[in-house]
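S.K.: Dropping the sequence and predicted coords here.
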Amino acid sequence: MMKKFKKRMGKIKKSISAFTLTELLVTVAIIATVGTVGFFYLYNFKQVNALDQAAQSTVAAIRYAQNQAIAGDRGEKWGVHVEKDENGQDYFTIYFGATYATGTVISRSPYASGIAVKATEDVNFTQLSGTIPAEKTIVLQLASDSLVNRILTVDFIGTVTISSNIPKWTITSLTSPGEVSGNFSADVGSDDLSRISYWRGYMTYGVEFLNCLNVDCANRTTTTIEIITTIAQNAIAIGQDGFGRVAYEHVTDGLKFARCTNSDCTSKNITTIENISNPVGISVAIGLDGFPRIAYSYSSTAFFRFVRCLNADCASTNITEVESGPGWHPSLAIGSDGFARMSYYDPNNSDLKFVHCFDADCVTKNITAVDTIGSVGGFTSLVLDGNRYGQIAYYDDNVSPSKIKFARCLDIDCTAKNIAVIDSALTGVHFNEHPNSIAMGKDGFPRITYRSGTDGNGAIQFVECLNADCSSKNIESPHSSSSGSGSAYSFLDIDSSGLARIVYSDTMDYTVKLARQNW
């Protein structure tokens, strides 16, 4: 036994002696460098997140103080005081009174370690009007790197904007100029990477699948699902395996479905579901069983149908008539009970409608007319909140200028709802360019994108709802160009960090672009 032990130790000594001192030092240095880079990357990421949270908390305090001043609470002015503390623990306070020095402090909130205030500042709102005498600027920054900052600007009417030395949006062109004129869809996988389907109508034709390999989609692969020479509507969802599922229109075969069997969809199974032409909307979602669900409508035969796929390739299906008449621009979501919810436009009655299915095939259901005033409900987009209640963005074409509206369902059938106008000045909207999309933020409030009509070309707008009804909101445009903001067909997703991904068509050069929100 001792001989074997000595022999084994001898081999170990020889193995160790095979490394020179230089090699050992280089190895240790590499390990230390990798560990340091990984540590500082993680540290920086956490610090920037903390900076964003500090900015949002400060904005929330400012809005609260302004609301209290407008309400005339305590018969006083209200304000927010941001302090650069000499002891290194910077903080903000909410107070009421003529000044911070003479007022009464309601709360004091220290900023997280590593977050610094550049300079002490005070925002004091006038009672009832909620205004301030002059614009105020608050700068929050990393204590370790003052170049990483968030600049809060409060104008005299109390509107708060946040800017940074880091651009808020990163824009990536995904296709060559002239390739795409619309008809595309997008979804974000659990890996926070986008998958996009679109119709390529330039040089070579077909329904394309684009797989992003990083968050900005600067690295990507593109694969043709099927060659189609005429405009093809399509809709995409990500399966439980992380691979794409695409429902699309074929000019001769009708409604088809492609299940990608690898990440870039070079391998796929294609099924013809129904041989019908002239669609006015396709929407796809993944059921709790992992099999697709599809809502679709066709104008030529005036029907609105729901498909439950009984296997992964949708080769076996149950198809249910949702309504006896048409249901244009359907949007489909799956509730936590596994049953479908759908919003759509009823062209026979010019109404926005909502469907709550009570079984897997949607044979039993409640259909509710959500908005019925005039011609309303085009291009619906549906998401479910934490209560499984519908949240619907849609188009109102009653009078010119037209509107983008938001309906928040207050019960599961949407018989009770609150409706808010998001934008009432859409003078230049092209109705066939899918003007809106909706997703739910991590704060439980909706995010909406739509195509504005405030200039001749139109522009994609991003709406951050600040409350559940979206009666309070921030609106901005991620996309701009030197010749005007021409964009359409927006599709919106929220990533795991709560930031937006907007895929849209740039109508100036007919490309698909991705706008990624950085903060």
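M.R.: That came through, no problem. None of the values given here were measured: they were computed from a predicted structure. Numbering: from 1, shown residues only.
S.K.: Every contact and neighbour count from this point should use C-alpha atoms.
M.R.: OK.
S.K.: do you know how far I494 is from F243?
M.R.: 18 Å (Cα to Cα, to the nearest Å).
S.K.: Three-state assignment for Y395, please.
M.R.: The three-state label given to Y395 by DSSP: H, G, I helix; E, B strand; the rest coil is strand.
S.K.: what's across from it in the sheet?
M.R.: Here Y395 sits in beta bridges with G378, I404, going by DSSP bridges.
S.K.: so what's it scoring on pLDDT?
M.R.: In this model, Y395 is scored at 90, pLDDT.
S.K.: count of residues packed around it?
M.R.: The number of residues packed near Y395 is 27, by other Cα atoms under 10 Å.
S.K.: which residues touch it?
M.R.: 376-380, 402-405, 435-436 (Cα atoms under 8 Å, 6 or more residues apart in numbering).
S.K.: swap in L410?
M.R.: Shown in contact with L410 (Cα under 8 Å, 6+ apart): 389, 416-418.
S.K.: Now a ChimeraX select for only the buried ones of these.
M.R.: Applying 16 or more other Cα atoms under 10 Å to the contacts of L410 leaves a buried subset, and the ChimeraX line that selects it is:
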select :389,417,418
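S.K.: of all the contacts of L410, which comes closest to G498?
M.R.: Y389 (20.2 Å; Cα to Cα).
S.K.: Which residue comes closest to that closest one once chain neighbours are left out?
M.R.: Counting by Cα to Cα, 6 or more residues apart in numbering, the nearest residue to Y389 once its immediate chain neighbours are dropped is I412, at 5.0 Å.
S.K.: for K403, same thing?
M.R.: The shortest distance from K403 to any non-neighbouring residue, by Cα to Cα, 6+ apart, is to S424 (4.3 Å).
S.K.: Show the subsequent helix or strand relative to the helix or strand hosting that neighbour.
M.R.: Per DSSP states H and E: S424 is located in strand 417-426. Using DSSP H and E, the helix or strand that follows strand 417-426 in sequence is strand 436-440.
S.K.: how about the following helix or strand past that next one as PDB, C-alpha atoms only?
M.R.: Next along the chain after strand 436-440, taking DSSP H and E as the criterion, comes strand 446-451. Extracted in PDB, the C-alpha atoms of strand 446-451 (Å, rounded to 0.1, in the frame of the first residue of the first chain):
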ATOM      1  CA  PRO A 446     -48.900  49.000 -19.400                       C
ATOM      2  CA  ARG A 447     -46.400  50.000 -22.000                       C
ATOM      3  CA  ILE A 448     -47.900  50.900 -25.500                       C
ATOM      4  CA  THR A 449     -46.400  51.700 -28.900                       C
ATOM      5  CA  TYR A 450     -48.200  53.300 -31.800                       C
ATOM      6  CA  ARG A 451     -47.700  55.300 -34.900                       C
END
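S.K.: tilt between strand 446-451 and strand 417-426?
M.R.: Taking axes from the mean of the first three to the mean of the last three Cα atoms, to 10 degrees, one finds strand 446-451 and strand 417-426 inclined to each other by 30 degrees.
S.K.: After whichever strand or helix holds V123, which helix or strand is next?
M.R.: Counting by DSSP H and E, the element that carries V123 is strand 121-125. Once strand 121-125 ends, the next helix or strand along the chain (criterion: DSSP H and E) is strand 136-142.
S.K.: How far off centre is that following strand?
M.R.: In terms of Cα atoms, centre = their mean, to the nearest Å, the centre of strand 136-142 is found 27 Å from the chain centre.
S.K.: how about the helices in the stretch 1-150 of the chain?
M.R.: Under the criterion DSSP state H, counting those that start in this stretch, the stretch 1-150 of the chain contains helices at 2-17, 21-71.
S.K.: State the mean pLDDT of the last one.
M.R.: Right, helix 21-71. Averaging the model's pLDDT scores along helix 21-71 yields 66.
S.K.: returning to that earlier point: so of the contacts of L410, which two are at opposite extremes in space?
M.R.: The distance between the two most remote of the contacts of L410 (Cα to Cα) is 12.0 Å, for Y389 and N418.
S.K.: got any residues that touch both of these two?
M.R.: Between them, Y389 and N418 share the contacting residues 408-410, judged by Cα under 8 Å, 6+ apart.
S.K.: and G428, what pLDDT?
M.R.: In this model, G428 carries a pLDDT of 54.
S.K.: How about T159?
M.R.: 91.
S.K.: Give me the neighbour count for it.
M.R.: With other Cα under 10 Å as criterion, T159 counts 15.
S.K.: so who does it touch?
M.R.: Counting by Cα under 8 Å, 6+ apart, T159 touches T153.
S.K.: gap between it and A340?
M.R.: Taken as Cα to Cα, the span from T159 to A340 is 40 Å.
S.K.: go on, S471?
M.R.: As for S471, its distance to A340 is 28 Å (criterion: Cα to Cα).
S.K.: the more surrounded of the two?
M.R.: The neighbour count for S471 versus A340, taken as other Cα under 10 Å, is higher for A340 (26 against 14).
S.K.: Dig out what that one forms beta bridges with.
M.R.: Taking DSSP bridges as the rule, A340 bridges to I334.
S.K.: quick one: contacts for it?
M.R.: 332-334, 355-357, 360, 362.
S.K.: Let's see that with 10 Å instead.
M.R.: By Cα atoms under 10 Å, 6 or more residues apart in numbering, the contact list for A340 reads 285, 287, 293-295, 306, 308, 332-334, 355-362, 365.
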